Structures are given as C-alpha cells and as structure tokens.
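S.K.: what's the 3D shape of this:
(chains A and B)
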2 protein chains.
Amino acid sequence: MNAPSAPAQLSQIERIARQAEVVRALQAVLPAHALLWHSEDTTPYECDGLTAYRQRPLVVALPETEDQVAAVLKACHALAVPVVARGAGTGLSGGAMPHALGVTLSLAKFNRILRIDPRSRTALVQAGVRNLAISEAAAPHGLYYAPDPSSQIACTIGGNVAENSGGVHCLKYGLTLHNVLQVRGFTVEGAPITFGAEALDTPGLDLLSLVIGSEGMLAVITDVTVKLVPKPLLARCIMASFDDVRKAGDAVASVIAEGIIPAGLEMMDKPMTAAVEDFVHAGYDLNAAAILLCESDGTPEEVEEEIGRMSAVLRRCGATAIAVSRDEAERLRFWSGRKNAFPASGRISPDYMCMDSTIPRKRLADILLAIAEMEKKYGLRCANVFHAGDGNLHPLILFDANDADQLHRCELFGADILETSVAMGGTVTGEHGVGVEKLNSMCVQFSAEENAQMFAVKRAFDTNGLLNPGKVIPTLQRCAEYGKMLVRAGQLTHPELPRF
Amino acid sequence: MNAPSAPAQLSQIERIARQAEVVRALQAVLPAHALLWHSEDTTPYECDGLTAYRQRPLVVALPETEDQVAAVLKACHALAVPVVARGAGTGLSGGAMPHALGVTLSLAKFNRILRIDPRSRTALVQAGVRNLAISEAAAPHGLYYAPDPSSQIACTIGGNVAENSGGVHCLKYGLTLHNVLQVRGFTVEGAPITFGAEALDTPGLDLLSLVIGSEGMLAVITDVTVKLVPKPLLARCIMASFDDVRKAGDAVASVIAEGIIPAGLEMMDKPMTAAVEDFVHAGYDLNAAAILLCESDGTPEEVEEEIGRMSAVLRRCGATAIAVSRDEAERLRFWSGRKNAFPASGRISPDYMCMDSTIPRKRLADILLAIAEMEKKYGLRCANVFHAGDGNLHPLILFDANDADQLHRCELFGADILETSVAMGGTVTGEHGVGVEKLNSMCVQFSAEENAQMFAVKRAFDTNGLLNPGKVIPTLQRCAEYGKMLVRAGQLTHPELPRF
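M.R.: I've put the predicted structure just below:
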C-alpha cells in the first residue's frame, strides 16, 4: 500500500564500517551465539507478517537475560543506533520491520512462564512467551488468557502488548489493554522501568495504558503480568442468515442495544461466505447476502438464556434462517469458516489486501454499501469479514499484484475504505497497528497538532528517537507529501474530510 | 496528612499587582459575570473535598463557551499564570486546590447533555454535567452510566475523567477509563485537542488512557463521550457474616477465583458494622468479625444462578450467616449501611482520616491483620470498609485533630498503611487520586526514575508546567525531604521496602 520511508542512504562501505562498530560494542556484552550479522543469518529477520516490505537489519541481538537487554540498550544508546524490538514477527503492519542501520532486538529467548497464580488469577510471563502457551499453562487451573488474535499459536505476549492485540472474543473480554496488569522492561538508556502494578489501577499518569499499543516506541518489554479468566463451562454459537446486508448490520447493532455482550459477533458477506464454504464446508448458507456468527459462553443457564434472547433479536431483525450449534464439534465447524477466511481468499484471487479499519457499530450497513460502490468505482472485488460487534472491518480487496494497474487501483480502494471509515467516525486500524503500513493513514486520522502531540510524548521516553524510528507517527513532511496536511503561508491546514 | 508544598512567596503588594494584570487580561475575553477575584467571591473555591488544605486562587474564571475556555488558556499562557481546572470540587485528595498565583478555571457552566444515542449506547456530555444526571437522562432508554462514585449526585464527569473515578460497581463495570470513548478539550496553549474516538480503539499512542486520571495536568476537558449500559432487570444482594476477618478476606478471593464477577463486593469489619448499624439500622450482624455484601445483577435467571453459586462459595469459606435480599427495599437497606460508612464514622469519633490504598485481592486478610497490629502500635482505632472485590481499602483512622499527638500518630498510621500496601504489591491510591494529599506517598510508590518519566510526559503536554502545578508528581527534592529517595554521591537510591 503506502511504501515506507527509504532508509537513510549510506554507502556500502560506510554501512560495513558502522556494522563492525556495532558488532564490536555488542560482542562486549553478549555471548557469541547471541549476535547475528552475516546476511544469511539476518535475512530471516528482514520482515514481519507484512511481507511486502523487507529490510535486513545491521545486527540481530538475541539477549538471554535482563542484564543483557540493558547492556544492549546502553551500548546502542552510546552509539546512537536505532533499536527495533521483535517478538515472533507475526505483526501485519510492519511494526517489527528492521531499520537498515539498526539493531533488531529479538525477545525470542525470553520464553519462560515465571508464575501462574490461580488464587489471584494472574500469570507472570516473559515477553517472548507465545499467547497460546499462557492459556495452556493456565488450563490445569480452569483458567485461560482471553485475548485471542488469529496468530495466537505463534505470536508473543510482548508483541500483543506492543500492538494492543484483540481477537474474536475481545468484544466480551477486552483487548490486551484490559487484560494486562503490569509490564516491565527497559528504557532506551537501558534503565529498568515498570508500568502498572499487580493491584487495581495505579496513581499518577497511566503509563501502563500508554505503553500498551505503543509499537516498541517507548521501551523494550521483558515481562508481563496478565489477568487470567475462568474457562466458561459451555459455549454455543448461532449462525444466522440475512437476505440483505443492511438488515445484518442493523441486527448487530440491535443485539448490542439489547444489552447483550456476545462472546463473539462476527459477520461475513456473500463473496466471503462462498469462498470459505468452498474451502472448509462449514455448512454456510450460500444464498444469504450476509451471515452472522453470535457466540454465547458461561454457565449452561446463562448460555441458554442468552442464546434465546439473541435468536429473538436476530429473527426480529429479519434473519431468514437461524441454526444453533448442538455440540462442541458443530460450534467449531461454524467457526472453521470464519477462521479460514484469509486462506480461503487466497484461493480465489492471486493476491488480496486486508484492511483493518473501525467504524461506530451503527454504521456497519453504511460502510458495506459504500464498499459495494467502491467495487464498481475501482473495478475490483472485495470480500468482507468483520469483527462486527466491535465495528472492526477486515475487507479483503482481491487483485493481481502482477498487474500494475490493478495494484494501483487496489491501493486507491484501500485508502478510500480507510478515509471513509474515519469520516464515519471510525479509525484507520482496529487491531493490526500502524507500523509502516498505515503511516499515511495517520495523516487522515489525526491533525498535524495531534501527531505532534504524539511525537512529544514519544520524545518524553526517547529523546533521540532511537526506539523503532520511522514507524507509527508520520512526520509533518510525510503528511504534506501524502496531500493530507498542507502548510500554507506558514500555517498548517487539514483538508476537510467528506461528510456522511 | 502530608502538608502540600508552600506556594511561592510573594509580598501582598506583588500579589495584588499580579492579580490586576491577570484580571485585566481575562476581562478582555470573558463577560464581567464570568470573572471573580474579590476574596469574598473566591473563598468558596479555596478547597475541594480535602478541606484540610485551603488556598484562595488569584482569580476564578467561569467560561461559558469553548471559545472562552481557549481564550482564558491563551491569556494565562501568555502571562505564564498557572491554571487549575475545577469541576464540582468533590475530590478527596486536593486535586482542585487552587494555586495562590493561579487561575481556577471552573467548568460549572459546561452543564449540558449534548446527545443521548440509545442506538450506539453513548452520551456526549459537557465536562460540568453531574455523574448522576447522565444516568437520569439515559433512563428513558433503559440505559445508565455505570461508574458510580459515592459523590455521584454532585461530582461531574470532567472531574471523574480527571480522577479516573470508580464506585461500588466498578468491579463489574470498570473504572471511568473503561467507560469513556472520547474526551475533547484544550491544551495549555488554548489549542483544541481530541483524545480517543467514538469507535473502538484508536491508532498510535493511547493518549485517551493517558488523559483519564491525569488530574488536570495535561489538558482542560470540555466534553466527554461516555458509554451507556442497559439497566439490569434485577439486582439482589447477599449479606454474609464471618467470625474471622481472614475467612472473610479469603471468601472474597474465592468468589472471584470461582469465575464470578459480582456487581459489587464490599466488606466491613466489626467496628465499622457497629458504627453504621447504630446510625442506619441496616440489620447488620453485630457479632460478626466482618460482613460481606455481594451483589448480582442481570436477568432473573442470571441473578438466581449467580446468587446460588456465590452463596455456596461463601458457605464453603465459613460464613456463619447468609441473608439474601428478597426485594428492592431490602436490597437498598443492605446497602444503606455501606453507603453511610463515612458519616457513621463521624458520629463515633471527632475526626477520621480515610485512606484509599489498594492491595492484590489475595492479601486482604493480611492487610487487615497488619492494620490490627498498627492499631496497637499507634494507639488509635481504625474502622475498615473495603471495595473488597477490587482490593481497594478505605481504612478510617479515628482520632481527635485537636490533640496534636493523636494527629501525629494518625499521620504515621496512615503512612504505614500506604507503605504496607505498596510492599504487599499494591498502590497508594485506588480511586481518590494523588492531588496534594498523596504526593509523599508517590515517593514510596515510584522510584525517582519513574517519577521523572511522569514529569517528562507531563512536559510533553505542558512545557512550562502551568496546568495544575505542584500536584500528583512529587519533585525529587520533596521525596528526598520525605526520606524516601536519597541522593548519595550524585546517585539516586531508593530505600528498600519491607518484604511481606
């Protein structure tokens, strides 16, 4: 989509000299096996889940102890070398893309679960522990860690904190922000820093909320205290068909307006349903204009009561068919389609671009109709899968990247979805972060003053801008180049967005 | 408790000259009736709910429009005058205590509810709207605003945002942080600023979470978009007696560990029960060492199921008697004692000091036993009322302020409770804010580096420190004077806390 800024230009000889300098400094504080700099060793680190953008780092550091993390940061700070922290590299917005002249600091060796405390329902885990591993470790106590990004088998809790990750259950159980009590790590100078506490709230400024979702810009995270929640006794899922996307969108808003917080509330449109049904045979209604999946979890009594109320709302909103999972196997089958939406899209189109905007829930039908208009305007198909309950869209624009004109139209289509989402009162990213991918979109979301305010907060932690530079917050110049912020006679202006 | 820093010393003549200068500047931007500076007019503003600390402001400004707020801030910024924003002045930690050379900016005229949207379940209200007024306006739609501080009849939403207020229902429904989508206001320079959005999450740094609980240090708030939740169909309350505080404390942890999130979970010890029963005749068990109030709300089916499970846990944990409210009148009677704990304490002691620390829930019994030891050590009684589910203590130390020795012992007792809470993994304030009252305690809670980090973030919004100066974050010098931070040979040190 939007190409990241070109890394600072240095001659090859200058780069090698710089690399030698950094390697020498880090060899003094790390064992030999914890330092990679030959290109065959650093190539695996050249991108994260946003594979379109690649860059080999100068050096990869794999510290094994907190003291080593502090020492790496101190050494980099002394040499003014950028540091990019990295978890499992599953991020979708290029947040962990290396810096050409920087150190990629991998937390892969920080993979120990330090404490599971069933009494206080908390777990203390190192930053490199996989999301799902926490739930596996808590399972003997009937507990689990609620936020469940699709990548949960691979992604790490440190990355989840950096991106404030969600998942299909975050409607009921909250984002990472709502499930983390304390984060520990090191500042850019290598000093230890603690955010939050193991008790309710903390006094003073809420730096815990600030570090969650800060995409590696404020500190390097080494361990996290998370909340655990009890595994519900039962979960059942409703699959409801609608002959009109507006009715389906309205049904989502009506379920929530009824005072129900489903454990999951997902929506797929007809092109998406067709793609996944052909792939996984989940039993989806191929005639429906849209289908909703509504999950309830809790005690059997709670689930029965909530399934009854949700079914009544869905019928009142015009559902043409309603099926309720009768057992766990059927529930998992209902979800199998939703969970395979991305690979299924890969089967029906050479390429697809996944967007991640949000809109106020009541605008669901409006954005779907707007996207349908855009399909005509840009001459490309779009399959839609939504975290509908949260108003978080994942439109998948289908195109062929080998066709330059299609790629160009796809980029315009994507930018149009993001700008329309903002104009409807939404945001340019729900859960995938800004990284390098959505830097331009930040110019649409925020005014020059608001982006400047974020830079000021960033500088309060990292005066020289060494932690994950060039990500998340766009420069004024970049926004001006993108045409979304104009400097006229020394005054910043912000072009009016269309009104919906 | 801890006396706030003395305001900058100026001669009376200098003060009058400064006042004249500020009045002149503000007269240019405000109507005459919106500006107070004669001492008989400014005296009502000299303190908030922390009445022990009083200070008349230089000037009180009562702007009526956003343009006037911006103009006041611009004028104060130009003159380098401190600005202290003020809601209803019900805060308990002196957060709205005026600055001797500053302007108190009252949001009292910002009292309009701008929009109630039952479909998106949100309300847009001005900062000076009372907490309870939001719920009253939403009631026709079957909705209400969940956070319910005891002062909700008087306190304003702007003040709630500034303090991140809670209430007896915040265990289930969250703090202000969890119930606010967007905050709008003005920077110290008078520029408009928006925090958050009306949709899920926002990209970039989470400045919304940062402004919530920032006690007027980052911006002046003019309006707030809050979430509304459906009024539950039914609420019932269990009153359980225990013959031992440890059993009661363990019962609280066990209810939560069972996977139940009660709508309220409060605890009172024997001295408190005796004081309130004598006052309101709520029917409390006077023989119990501690009583718990556990509320469930929801549909009748949910409530019945949850009351059954909670009763079973309480019995298993050794409850000697259990009563469940049979109707709304009885439920309100059960709560009447809890809600009158503070005035009841005023009847049994000339003075009391209310603490507000938190501890991890599993340490409830430990802190109660530690407080019992402190009663002997300091020779003062302490009645305890807790937001037990949150681990938020409100010990009320009973004393006579006219007895200097008792006052001194009370201050030591209070500081001991706070430091013991921190040592147990808790914090020095749960919901009342830091203000001026807990500045010294911040030296116990945070290291010099952590307080310095907060100052750095503060400066990112307010370079010259004009917004509510002298509050919330202690200076290094103050911590050194309090003996909680030592500078030795140029190196900061932080005395070891006792281990429990």
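
S.K.: can you name the residues of the stretch 251-400 of chain A that neighbour chain B?
M.R.: Residues of the stretch 251-400 of chain A lying close to chain B (CB under 8 Å from any CB of the partner chain) are A:253, A:256-259, A:299, A:301-302, A:305, A:358-362, A:390-392. Using the backbone N, CA and C atoms, a C-beta is placed for each residue, glycine as well.

S.K.: show me what counts as buried in the strand or helix carrying A:Ala25.
M.R.: Here A:Ala25, judged by DSSP states H and E, is contained in helix A:12-27. Using 16 or more other CB atoms under 10 Å in any protein chain shown as the burial criterion, the residues of helix A:12-27 that qualify are A:15, A:18, A:22-23, A:25-26.

S.K.: keeping just the C-alphas, turn it into PDB.
M.R.: C-alpha atoms of helix A:12-27 as PDB (Å, rounded to 0.1, in the frame of the first residue of the first chain):
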ATOM      1  CA  GLN A  12      28.100   0.100   1.300                       C
ATOM      2  CA  ILE A  13      31.500   0.800   2.800                       C
ATOM      3  CA  GLU A  14      30.000   3.100   5.400                       C
ATOM      4  CA  ARG A  15      27.400   0.500   6.300                       C
ATOM      5  CA  ILE A  16      30.100  -2.100   6.800                       C
ATOM      6  CA  ALA A  17      32.100   0.200   9.000                       C
ATOM      7  CA  ARG A  18      29.100   1.000  11.100                       C
ATOM      8  CA  GLN A  19      28.200  -2.700  11.400                       C
ATOM      9  CA  ALA A  20      31.700  -3.500  12.600                       C
ATOM     10  CA  GLU A  21      31.500  -0.800  15.200                       C
ATOM     11  CA  VAL A  22      28.100  -2.000  16.500                       C
ATOM     12  CA  VAL A  23      29.200  -5.700  16.500                       C
ATOM     13  CA  ARG A  24      32.300  -4.800  18.400                       C
ATOM     14  CA  ALA A  25      30.200  -3.000  21.000                       C
ATOM     15  CA  LEU A  26      27.700  -5.800  21.400                       C
ATOM     16  CA  GLN A  27      30.300  -8.500  21.500                       C
END
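
S.K.: what about that helix, distance to the chain center?
M.R.: 33 Å (CA atoms, centre = their mean, to the nearest Å).

S.K.: assumed A:Lys109 was part of a strand.
M.R.: No - going by DSSP: H, G, I helix; E, B strand; the rest coil, the assignment for A:Lys109 is coil, not a strand.

S.K.: state the phi and psi torsions of it.
M.R.: For A:Lys109, the backbone dihedrals (degrees, to the nearest 10) come out as phi -80, psi -10.

S.K.: who touches it in this structure?
M.R.: A:34, A:62-64, A:128 (CB atoms under 8 Å, 6 or more residues apart in numbering or on different chains).

S.K.: tell me how far it lies from A:Thr156.
M.R.: A:Lys109 sits 11 Å away from A:Thr156, going by CB to CB, to the nearest Å.

S.K.: okay, and the common contacts of those two?
M.R.: Going by CB under 8 Å, 6+ apart, residues that sit against A:Lys109 and also against A:Thr156 are A:Gly128.

S.K.: which strands or helices does the host helix or strand of A:Val161 pack on?
M.R.: Element membership of A:Val161 [criterion: DSSP H and E] is helix A:157-163. Contacts defined by 3 or more CB pairs under 8 Å, 6 or more residues apart in numbering or on different chains; DSSP states H and E place helix A:157-163 against helix A:131-138, strand A:220-227.

S.K.: ok, 6 Å please
M.R.: With contacts taken as 3 or more CB pairs under 6 Å, 6 or more residues apart in numbering or on different chains; DSSP states H and E, helix A:157-163 sits against strand A:220-227.

S.K.: only alpha carbons, please: show the strand it packs on as PDB.
M.R.: Provided in PDB are the C-alpha atoms of strand A:220-227 (Å, rounded to 0.1, in the frame of the first residue of the first chain):
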ATOM      1  CA  VAL A 220      11.700  -2.700  25.400                       C
ATOM      2  CA  ILE A 221       9.400  -5.100  27.200                       C
ATOM      3  CA  THR A 222      10.900  -8.100  29.100                       C
ATOM      4  CA  ASP A 223       7.900  -9.400  31.200                       C
ATOM      5  CA  VAL A 224       4.200  -9.000  31.500                       C
ATOM      6  CA  THR A 225       1.700  -9.800  34.300                       C
ATOM      7  CA  VAL A 226      -1.600 -10.800  32.700                       C
ATOM      8  CA  LYS A 227      -5.100 -11.400  34.100                       C
END
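
S.K.: ok, of the contacts of A:Lys109, which one's closest to chain B?
M.R.: A:Pro63 (20.9 Å; CB to the nearest CB).

S.K.: that closest one belongs to a helix, doesn't it?
M.R.: No - assigned with three-state DSSP, A:Pro63 falls outside any helix and is coil.

S.K.: next one: the closest residue to A:His99 other than its chain neighbours from chain B, what distance?
M.R.: In space, A:His99 comes closest to A:Pro82 once its chain neighbours are excluded; the distance is 4.3 Å by CB to CB, 6 or more residues apart in numbering or on different chains. For A:Pro82, the distance to chain B equals 19 Å [CB to the nearest CB, to the nearest Å].
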